[in-house]
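> Just to be clear, the model below is a prediction. Sequence and coordinates:
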Amino acid sequence: SLELDPYASNRDRLASDTQLAVERANIPQDLPRDPIVTEIDGAVFPVLRIAVAAPRTDLELKRLGDSIRDDLLEVEGVAKVQIQGDRKAEIRVTVDPHKLRAQRISVGEIAAALERWNVNAPGGDLDTPAGQRQVRIAGEFRGAADAGSVMLRANELGQGVRLRDVATVTESLEEPTRIYEVSGEPGAALLILKQSDADIISTVDRINAYLATIKQRYGDDVTVSTFQDFSQFARMRLGVLTNNAMVGLVLVLVTLLLFLRPSVAVSTAWGLPIIFLTGLYTIYLAGITLNLISMFGFIMVLGMLVDDAIVIGENITYYLERGMTRVEAAVKGTAELIGPVTATVFTTMVAFLPLMTMSGLIGKFIWAIPLVVSVLLFFSWLELFLVLPAHVVGLTHPERRPRERRWLTRLETAYGRALQQAVDHRWITVLVSALLFVGSIALAATQMSFQLFPPVGVDQYIVRVTAPPGTNIDNTRLVTGSFVVITDW
């Protein structure tokens, strides 16, 4: 048995030792495939699936898929390309019974000769001054020509009988267990995985640029289509973040200008890009990429960054209007609110930070959210007390009294009357509030349906067709082919 340490730091050594242990194991020789040791890296994940189709033979299509895979591995940012349903190449030997009888060779002799010559096995270890080295016997056939050259019998004169003298040796593929087709044409599906430090959007763009050149490289009969583009999620989330940032900044500025002094409105809105850019640089230094999880944290915290700035800006303006100097107003107006504002910011940070201690797979995914939120809130706190006061006193002109806004005055008057009535009839206010609360709970329990995830558009669908037991793959192919024709119609 082989036991791996989940906390091992030397991953290369771990993979090498595992490969060596598998090769030394006593494994049955009649396995359908050789054992493969593959290291699964959680940071290397799929970014795109492509379908390649061409009216060619299965062997030619396999070689085409292998060539495209090799080309894709040269694209910057691509870590691995998996050909799904890839059939293992094999060498087919069709013996001629008349020639076997003439040469007095049996089929068993041919099988034994092929087994002796087609060898790829470990040959032990070799101690060298540089360390221990592994020795392998690499003698596998590379094609039909190698297999046809196997000597079956020979004499002292150098004459002999080779396999190609008594049999037809051709290259072929193993029997298929899956069939891939694209619009009715034989095809292959390729899954592309990106490197851990590669940008998903840039990588997919480079892959698409290469795919546009496939017809020039391999012929006009080759059709390439992409599906399951995982970069679309990142593009959509990044679009939401940038649109929210731009539209939010404009709306915040407009809203602040409606109710506050222009100096306070501009100073408050001015702080948003400062906080965001500083936060982006900080999480970059921390090794966090701008991915779906981290962008969700940016979107969550976007609306929390201006509330305290409004309060501090108005307080500084209040002392400026009372005749204090700019420095005195900035110091007093900020120091007066440092306690409650700090408590507000840090209580929000404390509410998010426990998410970083979550264990398991979910914890590894969402730990970036509380970190992004906490970093942005911390920099907003620094901006409130170190940057905002200088902006407010620099833009405010206390001698210039803003014009009275009649609509705002009427709104304040109406609100004051409503508030006075609510305080004067406080028991009625409490009763109405309680009835509204109970009514909302009853409405939610009886009328509102619960749905954990909202419905989204479906970009693909899966059709399962079950054939009677014993149906071979060719007949199943005919059934699914007629179904595709019906759906296309």
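Perfect, I can see it now.
> make it CA atoms for all contacts and neighbour counts henceforth
Noted.
> Please tell me the pLDDT value assigned to Asp30.
As predicted, Asp30 sits at a pLDDT of 67.
> So that it lines up with my notes, have the first residue be 21 from now on.
Sure, I'll start numbering at 21, so the last one becomes Asp50.
> got the CA coordinates for stretch 299-314 in CSV?
Provided in CSV are the C-alpha atoms of stretch 299-314 (Å, rounded to 0.1, in the frame of the first residue of the first chain):
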residue,chain,number,x,y,z
GLY,A,299,-7.0,47.5,-2.4
LEU,A,300,-6.3,46.0,-5.8
TYR,A,301,-2.6,46.5,-5.4
THR,A,302,-2.7,45.1,-1.9
ILE,A,303,-4.5,41.8,-2.8
TYR,A,304,-2.1,41.5,-5.8
LEU,A,305,0.8,41.6,-3.4
ALA,A,306,-1.0,39.0,-1.3
GLY,A,307,-1.1,36.6,-4.3
ILE,A,308,-4.8,36.9,-4.9
THR,A,309,-6.0,37.1,-8.5
LEU,A,310,-9.0,39.0,-9.7
ASN,A,311,-11.3,36.0,-10.1
LEU,A,312,-15.0,35.2,-9.6
ILE,A,313,-14.6,34.9,-5.8
SER,A,314,-12.5,38.1,-5.2
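> which residues are contacting that stretch?
Applying C-alpha atoms under 8 Å, 6 or more residues apart in numbering, the contact partners of stretch 299-314 are Phe253, Ala254, Arg257, Phe385, Ile386, Ala388, Ile389, Val392, Val395, Leu396, Phe399.
> and of those, the nearest to Gly490?
Using C-alpha to C-alpha, Phe253 comes nearest to Gly490 of those, at 42.0 Å.
> any idea of the mean pLDDT in the host helix or strand of the closest one?
Per DSSP states H and E, Phe253 falls inside helix 251-279. Helix 251-279 comes out with an average pLDDT of 77.
> If we go by neighbour counts, what in the next helix or strand after that helix is buried?
Using DSSP H and E, the helix or strand that follows helix 251-279 towards the C-terminus is helix 282-305. For helix 282-305, burial by neighbour count (16 or more other C-alpha atoms under 10 Å) applies to 282-289, 291-292, 295-296, 299-300, 302-303.
> For the contacts of stretch 299-314, pick the one with the most neighbours.
Neighbour tally across the contacts of stretch 299-314 (other C-alpha atoms under 10 Å): the maximum, 28 neighbours, falls on Leu396.
> can I assume that residue is in contact with Leu322?
No. Counting by C-alpha atoms under 8 Å, Leu396 stays clear of Leu322, with 9.1 Å between them.
> for the residue of the chain positioned farthest from its centre, phi and psi?
Ranked by distance from the centre of the chain (C-alpha atoms, centre = their mean), the top residue is Leu177, with 65.4 Å. The phi and psi values for Leu177, taken as degrees, to the nearest 10, are phi -90, psi 0.
> Return the distance of it relative to Ala164.
Leu177 sits 26 Å away from Ala164, taking C-alpha to C-alpha, to the nearest Å as the criterion.
> same check, this time on Leu451
Where Ala164 is concerned, Leu451 sits at a distance of 91 Å (C-alpha to C-alpha).
> between these two, who's got more neighbours?
Ala164 (18 against 11).
> Got phi/psi on the more buried one?
According to degrees, to the nearest 10, Ala164 has phi -70, psi -30.
> same thing with Thr197?
When read as degrees, to the nearest 10, the backbone of Thr197 gives phi -110, psi -10.
> my read is Lys235 is in a helix, agree?
Yes. Lys235: assigned to a helix according to DSSP: H, G, I helix; E, B strand; the rest coil.
> which intervals of the stretch 221-370 of the chain have sub-threshold pLDDT?
Within the stretch 221-370 of the chain, the segments meeting pLDDT under 70 span 323.
> run the last query once more with 90
221-222, 232, 234-361, 364-370 (pLDDT under 90).
> contacting residues for the residue most central in space within the chain?
Taking C-alpha atoms, centre = their mean, the centroid of the chain lies closest to Phe65, which sits 5.9 Å from it. With contacts defined as C-alpha under 8 Å, 6+ apart, Phe65 is in contact with Leu213, Lys214, Gln215, Ser216.
> most surrounded residue in those?
Lys214 (24 neighbours).
> SS state for Gly207?
Gly207 is classified as strand under three-state DSSP.
> do Ile199 as well
Secondary structure for Ile199, judged by three-state DSSP, is coil.
> Return the distance of the residue nearest to the centre of the chain relative to Thr486.
32 Å.
> same deal with Ile125?
Distance, Ile125 to Thr486, by C-alpha to C-alpha: 47 Å.
> out of the two, which sits in the more crowded spot?
Per other C-alpha under 10 Å, whichever of Ile125 and Thr486 has more neighbours is Ile125, with 16 against 8.
> Next one: the more buried one, what pLDDT does it get?
pLDDT, read off for Ile125, is 85.
> SS state for it?
Using three-state DSSP, the structure places Ile125 in coil.
> swap in the one 10 residues further on?
Classification of Glu135 into helix, strand or coil gives helix, according to three-state DSSP.
> Spit out the contact partners of it.
Listed by C-alpha under 8 Å, 6+ apart, Glu135 has no contact partners.
> And it, how close does it get to Ala158?
Noted for Glu135: a distance of 13 Å to Ala158, by C-alpha to C-alpha.
> The stretch 71-220 of the chain: helices as residue ranges?
78-93, 117-123, 127-137, 164-168, 183-186, 220-231 (DSSP state H, counting those that start in this stretch).
> I'd like to know which elements the shortest one is packed against.
Contacts defined by 3 or more C-alpha pairs under 8 Å, 6 or more residues apart in numbering; DSSP states H and E place helix 183-186 against helix 117-123, helix 164-168.
> Turn the ones you listed into a markdown table, including distance to Ala99.
Below are these laid out as a markdown table (distance: least, C-alpha to C-alpha, whole Å):
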| stretch | distance to Ala99 |
| --- | --- |
| helix 117-123 | 49 |
| helix 164-168 | 32 |
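> Put the alpha carbons of stretch 198-205 into CSV.
Taking C-alpha atoms only, stretch 198-205 is exported to CSV below (Å, rounded to 0.1, in the frame of the first residue of the first chain):
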residue,chain,number,x,y,z
ARG,A,198,-17.6,6.4,-27.0
ILE,A,199,-18.4,8.2,-30.2
TYR,A,200,-17.9,12.0,-30.7
GLU,A,201,-19.7,13.7,-33.6
VAL,A,202,-20.1,17.4,-34.5
SER,A,203,-23.2,18.1,-36.7
GLY,A,204,-23.1,14.5,-37.9
GLU,A,205,-19.4,14.5,-38.7
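> can you give me the mean pLDDT across that stretch?
Averaged over stretch 198-205, pLDDT sits at 76.
> go on, stretch 455-470?
86.
> how far does it sit from the chain's center?
In this view, stretch 455-470 has its centroid 39 Å away from the chain centroid, taken as C-alpha atoms, centre = their mean, to the nearest Å.
> before we move on, what about stretch 90-103?
Distance of stretch 90-103 from the chain centroid (C-alpha atoms, centre = their mean) equals 16 Å.
> what's it in contact with?
64, 85, 89, 208-215, 217-219, 223, 226-227, 230.
> Can you say which of these are buried?
For the contacts of stretch 90-103, a neighbour count by 16+ other C-alpha under 10 Å gives the buried set as 64, 85, 89, 208-215, 218-219, 223, 226-227.
> Now do the one helix or strand Tyr338 maps to and helix 282-305, the angle between them.
Per DSSP H and E, Tyr338 falls inside helix 327-341. When axes from the mean of the first three to the mean of the last three C-alpha atoms, to 10 degrees is applied, the directions of helix 327-341 and helix 282-305 differ by 140 degrees.
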